[in-house]
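**Q** Need coordinates for the below:
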Amino acid sequence: EDATGTPAPPPSPTMRQQQRVLTLILALASSSASSQPRASSSDERMAAFVAPSSNPSEFYYDAAFPVPTLGKLHDELAELPADAAEVKLRVLCSSVNPSDTSTDGYLKPKPLGSDVVGVVVETDSAVFGVGDIVWGDIGSNAKLGTDPNITTKELGAYAEYAVALDTQLALAPTDSLPVLELCGLPKVALTTYKALTWYAGAPWSASSNKTVLVLGGSGGTGSAAIQLAKAFGAARVATTTSAANFDYCEGLGATQLIDYHSENWWDVFGQGEVSVIIDTVGEAGTPGYAFSVLSTHGGHGVSIADFEDPGAVPAGMTWSSFINSDTNLVSARELEAINELVVAGQLKMPGLSVYGLSQTAEAFETSAGGHVVGKLVISVNNDTSV
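**A** This is a model prediction of the structure:
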């Protein structure tokens with residue numbers, strides 16, 4: 001179901017048939033892979049990148065971490081969607097988002113990781129069967145089972161096996177993009193899709209002549225935002241990035257490129273010239289600068305990085321701050337819509353740097369350095385070829 005209670009559409013039989021073939025190929029390619037259910041017991045072990053506490057300096061790679069069992073999420077978390085059922089996945093890959101590099105101190109030790117593409121190996125769900133290849137973002141903020149007044153992170157994708165809710169998964173469009181490329185999309189695509197459709201009026205008619213400004217176009221969320229703005233009907237998509245990344249952003253569909261090293265985006269546009277601003281950077285003062293260029297006739301600003309008080313929002317404009325993880329226990333319908341965009345060739349993640357699961361700490365260091373183009377992908381079987 002979606003957030004309104006509307007049932008999510010069933011997965012496409014054609015996609016499922018294609019996935020069966022890919023599942024067999026994946027199983028043959030890895031001696032440790034299996035598309036069949038396996039018994040769960042406390043003595044099963046797996047490789048994982050683990051947080052024993054909230055201290056990032058203590059995160060570590062563990063070659064023998066306990067394998068999770070079905071029922072784990074309902075045992076540990078409270079106030080889950082009423083109809084949500086659990087599925088156990090053999091994880092193929094994940095990716096690094098800035099939010100993945102930190103965590104709280106609850107339910108530790110546990111594997112980190114939000115984005116997931118994996119093969120269903122065991123299921124309580126009527127939606128997905130064993131052998132289905134699914135994808136989603138399992139980095140939801142959820143209520144702690146022992147104290148619903150406390151919010152904790154779900155997580156678990158940096159591991160050979162993970163447990164997820166069927167309400168936050170969809171069949172992965174593996175016939176349209178390579179698996180490792182798909183791993184870079186769930187969180188950033190969901191974030192952008194929700195930001196544009198929930199808070200910025202998308203999709204737009206061609207006659208509306210929308211100008212969308214994406215702040216930080218070469219990062220993961222920015223990469224998705226440029227493409228989705230174009231897919232949703234924007235007449236012009238402007239973005240801020242460094243000159244070195246102009247070709248990358250132009251390849252995604254940006255029509256106006258602003259080098260933030262040499263000019264301020266709020267000096268580039270006149271009052272009312274911008275219809276929508278998607279802020280993935282979080283620079284101090286962004287709301288005020290946005291109000292100087294947004295249209296007073298339905299201009300929308302949405303930030304996924306800047307949560308300062310915008311103050312008084314001018315008449316005719318909106319300003320919203322949004323965290324995907326707060327809404328992500330139920331994202332199946334949105335993922336189905338994102339699938340359609342991937343299949344139509346309107347969404348991809350061409351900028352990839354691939355790390356093995358055992359190299360996750362190194363990927364975190366790269367992420368902390370900033371200026372990542374596209375996404376950092378974690379290959380669970382340590383195959384770093386794309």
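**Q** Every contact and neighbour count from this point should use C-alpha atoms.
**A** Fine.
**Q** pLDDT below threshold where in the stretch 251-386 of the chain?
**A** Along the stretch 251-386 of the chain, the model assigns pLDDT under 70 to residues 384-386.
**Q** Equivalent analysis for the stretch 1-150 of the chain, please.
**A** The stretch 1-150 of the chain contains residues with pLDDT under 70 at 1-42.
**Q** So which residues of it form strands?
**A** Remark: strands assigned in the stretch 1-150 of the chain by DSSP state E, counting those that start in this stretch are 45-51, 60-66, 77-78, 86-96, 110-111, 115-123, 133-137, 141-144, 147-153.
**Q** At which residues are the helices of the chain located?
**A** 13-29, 72-76, 179-182, 186-199, 220-231, 246-252, 265-268, 286-291, 332-343, 360-368 (DSSP state H).
**Q** Spit out the contact partners of residue 318.
**A** Shown in contact with residue 318 (C-alpha atoms under 8 Å, 6 or more residues apart in numbering): 298-301.
**Q** repeat that with 10 Å
**A** Residues near residue 318 by C-alpha atoms under 10 Å, 6 or more residues apart in numbering: 199-200, 276, 291, 294-296, 298-302.
**Q** so which of these is the most crowded?
**A** Compared across the contacts of residue 318, residue 276 has the highest neighbour count, 31 neighbours, by other C-alpha atoms under 10 Å.
**Q** how far away is that residue from residue 80?
**A** The gap separating residue 276 from residue 80 is 33 Å, by C-alpha to C-alpha, to the nearest Å.
**Q** go on, residue 50?
**A** 24 Å.
**Q** These two - which one has more neighbours?
**A** residue 50 (22 against 17).
**Q** That one contacts residue 101, correct?
**A** No - at 11.2 Å, residue 50 does not count as touching residue 101 under the criterion of C-alpha atoms under 10 Å.
**Q** between these two, what contacts are shared?
**A** Residues touching both residue 50 and residue 101 (C-alpha under 10 Å, 6+ apart): 59, 112-113, 360.
**Q** Mind picking the two most distant members of these?
**A** Greatest spatial distance among those (C-alpha to C-alpha): 59 and 113, at 12.0 Å.
**Q** Who has more neighbours out of the two?
**A** residue 113 (30 against 21).
**Q** so who does that one touch?
**A** If you count contacts by C-alpha under 10 Å, 6+ apart, residue 113 has them with 48-50, 93-97, 99-101, 137-139, 153-159, 162, 360, 378.
**Q** Mark which of those residues are buried, thanks.
**A** Buried residues within those, counting neighbours by 16 or more other C-alpha atoms under 10 Å: 48-50, 93-97, 100-101, 137-139, 153-159, 162, 360, 378.
**Q** give me the number of residues near residue 368?
**A** 12.
**Q** What's the separation between the closest residue to it other than its chain neighbours and residue 117?
**A** Excluding the flanking residues, the one nearest residue 368 by C-alpha to C-alpha, 6 or more residues apart in numbering is residue 98, at 7.7 Å. Using C-alpha to C-alpha, we find residue 98 at a distance of 19 Å from residue 117.
**Q** Throw the contacts of residue 318 into TSV and include distance to residue 86, thanks.
**A** Compiled in TSV, these are given as follows (distance: C-alpha to C-alpha, whole Å):
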residue	distance to residue 86
199	30
200	33
276	38
291	44
294	44
295	45
296	46
298	41
299	41
300	37
301	36
302	32
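**Q** ok, so of those, who is nearest residue 329?
**A** For the contacts of residue 318, the nearest to residue 329 is residue 199 (19.1 Å; C-alpha to C-alpha).
**Q** Contact partners for the closest one?
**A** 193, 276, 300-302, 318-322.
**Q** which among these gets closest to residue 351?
**A** Of these, the one sitting nearest to residue 351 (C-alpha to C-alpha) turns out to be residue 193, at 19.3 Å.
**Q** Can you measure across stretch 232-251, start residue to end residue?
**A** Distance between the two ends of stretch 232-251: 17 Å, counting by C-alpha to C-alpha.
**Q** Would you mark the buried spots in that stretch?
**A** 232-242, 245-246, 248-250.
**Q** how far out from the middle of the chain is it?
**A** Distance of stretch 232-251 from the chain centroid (C-alpha atoms, centre = their mean, to the nearest Å) equals 20 Å.
**Q** Next: stretch 210-228.
**A** 14 Å.
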